[in-house]
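Dropping a prediction and its sequence here:
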Amino acid sequence: MYYCLISALRYYMLATWRLYMERLIEQKLLKWKNSSDRKPLIVHGARQVGKSHTLLEFGKANYGNVAYFFLENNERLQAVFNKGIDKISALFLELGQISGQTITAGGTLIIFDEIQEAAGIYSILRFFAVSASEYAVCCTGCLRDIPPSGEKTDPFTLYPLTFEEFLLANDEDALARQVTDDAMRVTPKPAADALIEYLKLYLFIGGMPEAVNVWLETRDFSAVENCQRALLTTFENEFDNRKTKLVWDSVPVQLSRENKKFFYDLVRPGARAREYKDSVQWLLDNGLLRKVNRVSNADAPLGIYEDTKSYKLFHLDTGLLRVMLGVPSGVLLNGNQIFEEHNGALTAQFVFSELVCRRFIRGLYYWTSEATAEVDFVFTDVKDIYPLEITTEKFSRIKSMYVYKDRYNPKLAVRASLSGVRFGGGLLNVPLYALFNLRNYLNLCT
């Protein structure tokens, strides 16, 4: 009874979230729902990015009912998993009793929440894939629990709200369409100015659903920051040891440097990789940090030139990074200063976040030469390799991009800036606020 009550309370809290924000994962979910060879879907990601709430809203909108199971400390459900599966009918009888739902094929969305808390879960998911594929099963978990290659599951990573999703949450659908519908045409100045203002706001608030909800309800920067600090405290309370906290606290310092490569010496003077690599991995496994490795050569295939010992660590969320950097709300009133703060740390974090969630990007790195040239990002799709530099009023790597172009002669180079979209001489300029339309721009220019 205790475990049923915990699941019921969590279900109620998630299902009665104050505001529902459209997530673009819903397109993926609908495609999954209608697939003829559907496998259990696992939505991975850090805590508090909206995994459970998004699945519940999808279930309510597209199924007759939702059977929700919260696996953390759920001994009754764990006992069901551990004793094995003899009959389909027996399994669904027990699941129905635990959830209080009648489970039917096609009519019920089954959600297993926090699968990292349940040993033996993959045997259950394999059973659904092989013997009961007519049942719709979704799960949530953190990144350390991505199943081994060959498991009969469909993994998907959910991140904080992207800038496009932030616009939609603010009922700016028409403004977002100014970017996606205009193709290579320059966005009209009033719309471009509005998009820059929203982008400044996004750098401040970020994409954590709870923080965005607070903003939509209150329009109060202090309330947003209180929410963000509470989220940071929640994350830090789960750290496995003090070394993890030291690594976490060093990331804003690392990203504030012009050279954003991660240095262990900035975690603690004299620190060595062997002392802190497990803490770095813990933060990566839990989705709180994300890594971009260096490549020393930009020829295909990029992966063979990857240097796993030289990398940059980026934060989970732009807004949370802004809090850790101590950037006040007053910066929003000072022109475009927020893009320059701390050596462009928030801008670099934003660009990374927009790139990492583009599903067409197959590999994301940064490049440096033997000398001093550095390109902020190098990414691949299924056919080409593209260098991308970030340019603001104060910061630029134009010389580095020319070094890269002279050496590798890319079909197309990309610059992300506050200027309008334009293309010429093999260089595509994409406005920072339009990075969510990057794929369309690349298709039009190659």
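Thanks, I have it. Keep in mind that this is a model prediction, so the values were computed, not measured.

where's residue 398 relative to residue 206, distance?
Here residue 398 is placed at a distance of 29 Å from residue 206 (Cβ to Cβ, to the nearest Å). C-betas here are computed from N, CA, C, even on glycine.

Which one of those two is surrounded by more residues?
Taking neighbours as other Cβ atoms under 10 Å, residue 398 and residue 206 compare with residue 206 leading, 28 against 10.

Please name the nearest non-neighbouring residue to that one.
Once flanking residues are discounted, residue 206 sits nearest to residue 319: 2.0 Å by Cβ to Cβ, 6 or more residues apart in numbering.

Give the next helix or strand downstream of the helix or strand encompassing that neighbour.
Using DSSP states H and E, residue 319 sits in helix 318-325. Toward the C-terminus, helix 318-325 is succeeded by helix 341-356 as the next helix or strand (DSSP H and E).

starting at the chain centroid, how far to that following helix?
13 Å (Cα atoms, centre = their mean, to the nearest Å).

Next: stretch 288-306.
19 Å.

Tell me the span between the first and last residue of it.
22 Å (Cα to Cα, to the nearest Å).

Just the mean pLDDT for it, thanks.
Mean per-residue pLDDT for stretch 288-306: 95.

Now do the contacts for residue 106.
134, 136 (Cβ atoms under 8 Å, 6 or more residues apart in numbering).

Can you name the residues that contact residue 239?
Taking Cβ under 8 Å, 6+ apart, one finds 245, 248, 282 in contact with residue 239.

Quick check on the residues you listed: which are buried?
Neighbour-count burial (16 or more other Cβ atoms under 10 Å) is assigned, among those, to 248, 282.

Any chance of JSON lines for the contacts of residue 239, columns distance to residue 312 and pLDDT?
As requested, the contacts of residue 239 are exported to JSON lines (distance: Cβ to Cβ, whole Å; pLDDT from 0 to 100):
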{"residue": "245", "distance to residue 312": "20", "pLDDT": "98"}
{"residue": "248", "distance to residue 312": "15", "pLDDT": "98"}
{"residue": "282", "distance to residue 312": "18", "pLDDT": "95"}
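
what about residue 308, how many neighbours?
Residue 308: 8 neighbours (other Cβ under 10 Å).

phi, psi of it?
The phi/psi pair for residue 308 (degrees, to the nearest 10) reads phi -70, psi -10.

Give me the secondary structure label for the residue lying closest to it once chain neighbours are set aside.
Leaving aside its chain neighbours, residue 308 sits nearest to residue 293 (5.5 Å; criterion: Cβ to Cβ, 6+ apart). Classification of residue 293 by DSSP: H, G, I helix; E, B strand; the rest coil places it in strand.

The residue nearest to residue 206 contacts residue 228, doesn't it?
Yes: under the criterion of Cβ atoms under 8 Å, residue 319 makes contact with residue 228 at 5.8 Å.

Tell me which of these two has more neighbours.
Between residue 319 and residue 228, residue 319 has the larger neighbour count (other Cβ under 10 Å), namely 29 against 24.

mind checking how far that one is from residue 390?
The gap separating residue 319 from residue 390 is 19 Å, by Cβ to Cβ.

Show me how the record splits the chain into domains.
Recorded structural domains for the chain (assignment: automatic domain parsing) are 2-157, 163-445.

ok so, going back, for the helix holding residue 319, packing partners?
Applying 3 or more Cβ pairs under 8 Å, 6 or more residues apart in numbering; DSSP states H and E, one finds that helix 318-325 makes contact with helix 189-205, helix 221-237, helix 242-255, helix 341-356.

For that helix, output the C-alpha coordinates as CSV.
Extracted as CSV, the C-alpha positions of helix 318-325 are listed here (Å, rounded to 0.1, in the frame of the first residue of the first chain):
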residue,chain,number,x,y,z
THR,A,318,22.2,28.0,-19.5
GLY,A,319,20.0,29.5,-16.8
LEU,A,320,21.6,27.4,-14.0
LEU,A,321,25.0,28.3,-15.3
ARG,A,322,24.0,32.0,-15.2
VAL,A,323,23.1,31.6,-11.5
MET,A,324,26.5,29.9,-10.7
LEU,A,325,28.3,32.7,-12.6
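
who touches that helix?
Under the criterion Cβ under 8 Å, 6+ apart, residues 202-208, 211, 224-225, 228-229, 231-232, 249, 251-252, 255-256, 315, 341-342, 345-346, 349-350, 353 lie in contact with helix 318-325.

Compare the domains of the chain and say which comes out lowest on pLDDT.
Of all those, mean pLDDT reaches its minimum on domain 2-157 (a mean of 81).

CA atoms of the helix or strand hosting residue 80 as PDB?
For residue 80, the element it lies in under DSSP H and E is helix 75-82. As requested, the backbone C-alpha atoms of helix 75-82 are provided in PDB (Å, rounded to 0.1, in the frame of the first residue of the first chain):
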ATOM      1  CA  GLU A  75       9.800  -3.000  -3.400                       C
ATOM      2  CA  ARG A  76       6.500  -4.500  -4.500                       C
ATOM      3  CA  LEU A  77       7.200  -3.800  -8.200                       C
ATOM      4  CA  GLN A  78      10.700  -5.000  -7.800                       C
ATOM      5  CA  ALA A  79       9.400  -8.300  -6.500                       C
ATOM      6  CA  VAL A  80       7.300  -8.600  -9.700                       C
ATOM      7  CA  PHE A  81      10.300  -8.000 -11.800                       C
ATOM      8  CA  ASN A  82      12.500 -10.400  -9.900                       C
END
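
Great, nothing more from me.
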